[in-house]
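Structural data only, the sequence is not supplied:
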């Protein structure tokens, strides 16, 4: 069954479309990069799929049903900048929040849930910080905690909104290791990503987005200069001598 199917999804802010008739079907067990310039609607797409913002039209199915009915099968890592890191809680409690879909909001996580949450923290190298207040963690450490929370959801499909932004090299390596582990377990992961230089290395499939879907498919087939020019226009520079792609929107 198809993990994520988006059909003619349109989202508008103050009657101005920010996503227009976007449609695609995600294959199972793939790492999928969502790329495009600033303001292209990448984060909006994820939020609309998850029902966090209303859509003007279109349909979204998660494993053949609505997100509300399939919520337990979905994990979400939001942008780190959208989180209140001053909230008085420690790393373990944040990860345990990922278990509420399984135990229910009115019940306390049991011993098995706590053990599983610690296992998730260990996978991202943060077990030693389980009792640390999240406000006392570095940016990279905070991102790892949120990845552990998503792992604790034990989902089948994951949405990650710019998990690599503002993290150190060690955290980026930990994230990639985690993504590959999820893929090995036949999980499906969609990642909003900015660094064009690592797209081919990190992702099996790519969605190129700029208000509309420009291209979607295996990275080797659709991640090419023709589609990148359609996606970024004049904001894309190709340094032929060094074979490096530069997204100039990152400098805005």
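Thanks, I have it. Everything quoted here is computed from the prediction, not taken from an experiment. Numbering: from 1, shown residues only.

Give me the neighbour count for residue 168.
Residues near residue 168, counting by other C-beta atoms under 10 Å, number 13. Placement of C-beta: from N, CA and C, glycine included.

With residue 11 instead?
21.

So it: helix, strand or coil?
Secondary structure assignment for residue 11 (DSSP: H, G, I helix; E, B strand; the rest coil): strand.

how near is it to residue 67?
Here residue 11 is placed at a distance of 15 Å from residue 67 (C-beta to C-beta, to the nearest Å).

And residue 95, by the same measure?
On the measure of C-beta to C-beta, residue 95 and residue 67 end up 22 Å apart.

higher neighbour count, those two?
Ranked by neighbour count (other C-beta under 10 Å), residue 95 and residue 67 place residue 95 first, with 30 against 18.

Tell me the secondary structure at that one.
Three-state call for residue 95 (three-state DSSP): helix.

Check whether it really touches residue 122, as I assumed.
No. Applying C-beta atoms under 8 Å, one finds residue 95 not in contact with residue 122, separated by 10.5 Å.

And stretch 127-135, how far out from the chain middle?
Here the centre of stretch 127-135 is set off from its chain's centre by 23 Å, with C-alpha atoms, centre = their mean, to the nearest Å.

what about it, how long is it end to end?
Stretch 127-135 has its terminal residues 16 Å apart, counting by C-alpha to C-alpha, to the nearest Å.

Just the mean pLDDT for that stretch, thanks.
Across stretch 127-135, the average pLDDT comes to 93.

how about it: buried residues?
Residues 127, 129-130, 134 are the ones in stretch 127-135 that count as buried (16 or more other C-beta atoms under 10 Å).

What is the neighbour count of residue 84?
7.

if I look at the residue most central in space within the chain, how far off is residue 32?
Residue closest to the average C-alpha location in the chain (C-alpha atoms, centre = their mean): residue 160, at 1.3 Å. For residue 160, the distance to residue 32 (C-beta to C-beta) stands at 10 Å.

Overlap of the contact sets of the two?
Residues within reach of residue 160 and of residue 32 at once, by C-beta atoms under 8 Å, 6 or more residues apart in numbering, are 189-191.

Most neighbours of all those, which one?
Neighbour max across the shared contacts of residue 160 and residue 32 (other C-beta under 10 Å) = residue 189, 27 neighbours.

ok so, going back, farthest-separated two in the buried residues of stretch 127-135?
For these, the farthest-apart pair by C-beta to C-beta is 127 and 134; their separation is 14.9 Å.

Only the buried residues of the biggest helix by length in the chain, if you could.
Taking DSSP state H as the criterion, the chain has its longest helix at helix 169-184. Across helix 169-184, burial judged by 16+ other C-beta under 10 Å covers 171-172, 174-176, 178-179, 182.
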